[in-house]
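Colleague: structure for the following, please:
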Amino acid sequence: MMNHFHEVFFRNFFKLFTALIIVGGFLYILTPFLIPVLFGGMLAMALSPFLSYFMTKYKWARQKALLVLTSLIFLIGALPFTVFILRGSKIISEFFSKQSIAGLTQNIQGKIYAFVDNMAEHNNIDPALVREKFDNFSNQAGAWILKTFSDLVTQIPDLALAVLVIVLSFYFFLSKEDHIRKLFNRYFYFNQSNSDKFVSVMKSSCREVFFSNVLTGVLQSLIVSLGALACGIGDFYIIFVFTFIISFIPIIGAAPMAFLLALFAFFDGKVGQGITMSVIGAVSGVADNIVRPYLASLGEVEVPALIGFLAVIGGVIVLGLPGLFVGPLLASMMYGVLPIIVKEYFPTENDIPHRTGEDLD
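Modeller: Residues are numbered from 1 along each chain as shown. Here you go, the predicted model:
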């Protein structure tokens, strides 16, 4: 018996070794695209019911429905940012055509110093000391903003590539949905009931994770942009899109945008508008840390609000921005998918023993 084992092992050693090298090398070169492919798969599971809706409602072929859905996803994501760039460029060009950069800088600096002097006078503080401290802070903040902006600009090609990979992965996973389901049934070997439940829970969890983040971003953007519109600060559309982008910043959400607008209002002598935007910033911060985990817990799987909150925070701490999606998804899997696997190993008398996998013969 031992000799037979050694014979089989040595006969297949180089085959297995070669296979491991090929698989390992292939996975290694795909590591830069792991997160975009994961997002594409999650998005495909989240929007799979919409594909079925198009096919059923309009009697479309699967390929046509998939092309329409993919085009809609691309337009929904690309169109607002295209309009944002065009509109923002126009506003900026018109703004700088009316005044020079030097004049603008001098005007802003004068308003800031006037604000600092007024604050120092009311609090019995030496204005020169306050100006010195403010200059140090503004220099450090300016350096940080410049570095952040530079990093963002240099990452634009990577972000564009990541978006392209997400869209392509979304299309691929939905186009191969039936094939993937057959592979799942064959190798996971769930019984029919647990197999359907497993897939349903995964789709529901992905749908809730994506929609909770998007809806929270839209809610925060509406709060900030409507507040700015009411206070007469900035352009509604520009503020809405920019706030939606930064609403995905972990933990703090869109609050910094509102506080920045409040700061501009204070420097411009609009104290009432500044106080209003400060309150709006606090409200938007609450929306980010309460509404997001609450929406993530409203799916097919009942995840306690505290666990949902900790999953969001923990996911962000461990994974950064992708943790906003991965953390809640793992929480849903813990409460939804894990019990299905346990049930598969410890079935009750009512469980149907019929298997969905292919026979072993």
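Colleague: show me where this structure has helices.
Modeller: Taking DSSP state H as the criterion, the chain carries its helices at 2-30, 34-57, 62-97, 101-122, 127-175, 177-188, 192-231, 236-246, 255-267, 271-286, 292-296, 305-319, 323-345.
Colleague: which residue packs closest to Phe236, ignoring adjacent ones?
Modeller: Leu229 (4.8 Å; Cβ to Cβ, 6 or more residues apart in numbering). C-betas here are computed from N, CA, C, even on glycine.
Colleague: tally of neighbours for the one you found?
Modeller: Using other Cβ atoms under 10 Å, the number of residues around Leu229 comes to 15.
Colleague: same thing with Arg62?
Modeller: 15.
Colleague: ok, now the one 5 residues further on?
Modeller: When neighbours are counted by other Cβ under 10 Å, Leu67 registers 14.
Colleague: walk me through the domains of the protein.
Modeller: Annotated domains of the chain cover 39-98, 99-173, 191-356 [automatic domain parsing].
Colleague: looking at the ones you listed, which is buried most?
Modeller: domain 191-356 (a mean of 18; mean count of other Cβ atoms under 10 Å).
Colleague: pretty sure Ile223 is in contact with Ser284, am I right?
Modeller: Yes. At 5.0 Å, Ile223 counts as touching Ser284 under the criterion of Cβ atoms under 8 Å.
Colleague: residues shared between the contacts of the two?
Modeller: Any residue near both Ile223 and Ser284 by Cβ atoms under 8 Å, 6 or more residues apart in numbering counts here, and that gives 254, 258.
Colleague: on that earlier part again, which of the domains of the chain has the lowest mean pLDDT?
Modeller: In terms of mean pLDDT, the lowest-scoring of these is domain 99-173 (a mean of 72).
Colleague: which residues touch stretch 277-291?
Modeller: Outside stretch 277-291, the residues within contact range by Cβ under 8 Å, 6+ apart are 215-216, 219-220, 223-224, 227-228, 231, 233, 247, 251-259, 261-262, 265, 309.
Colleague: rerun at 7 Å
Modeller: Stretch 277-291 is contacted from outside by 216, 219-220, 223-224, 227-228, 231, 233, 247, 252-255, 258-259, 261-262, 265, using Cβ atoms under 7 Å, 6 or more residues apart in numbering.
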